[in-house]
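Trainee: Need coordinates for the following:
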Amino acid sequence: MIAFEIHINGRKRFTVGGDYQTLQAVLTLVRIPMPKPDDVSIFFSATGITPEPQVVVGTWPTADLAVGDRVEIRVVEVAEVDAPVAVETHERAGEGVDA
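Mentor: Sure, this is the predicted structure:
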């Protein structure tokens, strides 16, 4: 299966993938004005989502990052991936209703 192999600062952290319709690898920077005006959170996250017939969301570990960190995402073909740390299953909302 096609998966994402995640390396942070040259160290392999995990391989994300599976039978998900959508696989996401995201870098996020959040500026929080309190308690100090320069508070910043930077982190990496990965999720897999399958919307049918139920909504299934798999989540892998979140990694806190700092200025200067290096994140590498390799697209790989593998037989196995690392299991998500959490899997949530939700019923789909009815037509015309936000999920």
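Trainee: does the most centrally placed residue in the chain count as helix, strand or coil?
Mentor: The centroid of the chain falls nearest to Ala46 when counting by C-alpha atoms, centre = their mean (1.0 Å). Per DSSP: H, G, I helix; E, B strand; the rest coil, the local secondary structure of Ala46 is strand.
Trainee: From what I see, it and Trp60 are in contact.
Mentor: Yes - counting by C-beta atoms under 8 Å, a contact exists between Ala46 and Trp60, whose distance comes to 4.3 Å. For glycine as for every other residue, the C-beta is placed from the backbone atoms N, C-alpha and C.
Trainee: hmm, back to that, what sits against the residue nearest to the centre of the chain?
Mentor: Phe4, Ile6, Phe14, Val16, Leu23, Gln24, Ala25, Val26, Thr59, Trp60 (C-beta atoms under 8 Å, 6 or more residues apart in numbering).
Trainee: returning to what we had before: can you list residues touching both of Ala46 and Trp60?
Mentor: Joint contacts of Ala46 and Trp60 (C-beta under 8 Å, 6+ apart) are Ile6, Phe14, Val16.
Trainee: re the thing from before, quickly note the distance from the residue nearest to the centre of the chain to Gly17.
Mentor: 9 Å (C-beta to C-beta, to the nearest Å).
Trainee: Could you tell me which residues touch both of those two?
Mentor: Between them, Ala46 and Gly17 have Phe4, Leu23 as joint contacts when contacts are counted by C-beta under 8 Å, 6+ apart.
Trainee: that older thread, just curious, which of the contacts of Ala46 is nearest to His90?
Mentor: Taking C-beta to C-beta as the measure, Thr59 is the one of the contacts of Ala46 closest to His90, at 13.3 Å.
Trainee: got the buried residues for stretch 58-66?
Mentor: Gly58, Thr59, Trp60, Ala63, Leu65 (16 or more other C-beta atoms under 10 Å).
Trainee: In strands, which of those residues appear?
Mentor: Taking DSSP state E, the ones among those that sit in strands are Gly58, Thr59, Ala63, Leu65.
Trainee: Let's have those residues in CSV, adding pLDDT and distance to Pro33.
Mentor: Listed next are these as CSV, based on pLDDT from 0 to 100; distance: C-beta to C-beta, whole Å:
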residue, pLDDT, distance to Pro33
Gly58, 93, 33
Thr59, 94, 27
Ala63, 93, 24
Leu65, 95, 20
